[in-house]
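>>> Return atomic coordinates for the entry below.
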Amino acid sequence: MAREEQAAANPAAESKSELRLRLAAFRDGLSEEERLSRSKQAVAHMMDLTVYRQARSLLVYVSFRSEVQTGGLLQAALADGKVVLTPKVQRRPKGLLACRIRRFPEDLQPGAYGILEPAEDTSEVWPPQEIDLVIVPGLAFDRQGSRLGYGGGYYDRFLAGPASGAVAAGLAFAEQVVDTLPVDPLDRNLDLVVTDQGVLRVSDRSRRTSDRSRQE
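Numbering: from 1, shown residues only. A predicted model of the protein is given here:
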C-alpha cells in the first residue's frame, strides 16, 4: 500500500506536520463559492444546537483564509443579543484574550498573523470563566474530540485555564474529521465538532447548557 493510501486509512500514522500540509491543501483547494456555501451549512448546524441557542456569551474565532467562514455566525449572534467575543493574541505572557465586540466587522482590525482582532481602542476583555461556548478553528478533528491546530497552542491553553467550564466546539468541513489524531498530553479535547454535514458529539457537556443559563 502506498504511503498516501496508508495515511488516508490511518491518519494517526501521519505526523502532525504532514496532516497540517495535507488538510491545508484540501481547504485551499475549495473554490470560493463552495467554501462559502459549505460554511453556511456548518454555521446553520451550529446555530441549531441548544448549547448555542441558550449560550449568553460565546467566543468565536474570526475566519482567516480558507477556514470555515464565521462572519455570518458573528453577525447572527450579535443580532440575537448575545455577548459576542473574538480572540486577541497576547504575546507576553503567551495566550488569548476574549474581547467583546458590538459590531462586525467594524470593531476589528488586522492583528497577529494578519488575522482580524478587536481594535485596541474598543477592546473590552471578558472574564474567561463567564464564557458559555467557545468555537475554535483547526486543521483536523477526530471522533474523540481531539483537535489539530496550527502549532501555537493558544486555544489549548485558553481552554485548559479559566475557560475550562465552557463548552468547546470545533467548526470544520466534513473532510477535516478523521478517525484518530496524534495527541499530546496537554491537548484539551473538544465537546463537539460541527461540520457542513452535521454534528459530532463527543462529550455529555455538548448536550447541556451552562449552569448560568439553566438558572435563568
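>>> and the closest residue to Glu130 other than its chain neighbours, what pLDDT?
Distances taken as CB to CB, 6 or more residues apart in numbering place Ser57 nearest to Glu130, at 6.2 Å, with adjacent residues excluded. For every residue, glycine as well, the C-beta is placed using N, CA and C. Per-residue pLDDT puts Ser57 at 98.
>>> Could you list the low-confidence segments of the protein?
1-13, 208-216 (pLDDT under 70).
>>> Spatially central residue in it, please.
The C-alpha lying nearest the average C-alpha coordinate of the chain belongs to Val136 (CA atoms, centre = their mean; 1.3 Å).
>>> Who is that one paired with across the strands?
On the basis of DSSP bridges, Val136 is bridged to Gly170.
>>> Glu34 versus that one, what's the distance?
According to CB to CB, to the nearest Å, Val136 stands 22 Å off from Glu34.
>>> and what of Lys16?
26 Å.
>>> Between these two, tell me which one has more neighbours.
The neighbour comparison of Lys16 against Glu34 (other CB atoms under 10 Å) goes to Lys16, with 16 against 12.
>>> Run through the residues that contact that one.
The contact partners of Lys16, by CB atoms under 8 Å, 6 or more residues apart in numbering, come to Leu148, Gly151, Pro182.
>>> Equivalent analysis for Val183, please.
Counting by CB under 8 Å, 6+ apart, Val183 makes contact with Ser146.
>>> what sits against the residue nearest to Glu130?
For Ser57, counting by CB under 8 Å, 6+ apart, the contacting residues are Lys82, Val83, Val84, Leu85, Trp126, Glu130, Ile131, Asp132, Leu133.
>>> Asp156 contacts Leu148, doesn't it?
No: using CB atoms under 8 Å, Asp156 is not in contact with Leu148; the gap is 10.9 Å.
>>> Among those two, which residue is more densely surrounded?
More neighbours surround Leu148 than the other of Asp156 and Leu148, with 23 against 17 (other CB under 10 Å).
>>> and the more buried one, what are its phi and psi?
phi -110, psi 110 (degrees, to the nearest 10).
>>> Kindly state the beta-bridge partners for the residue nearest to Glu130.
Ser57 forms beta bridges with Val83, as assigned by DSSP bridges.
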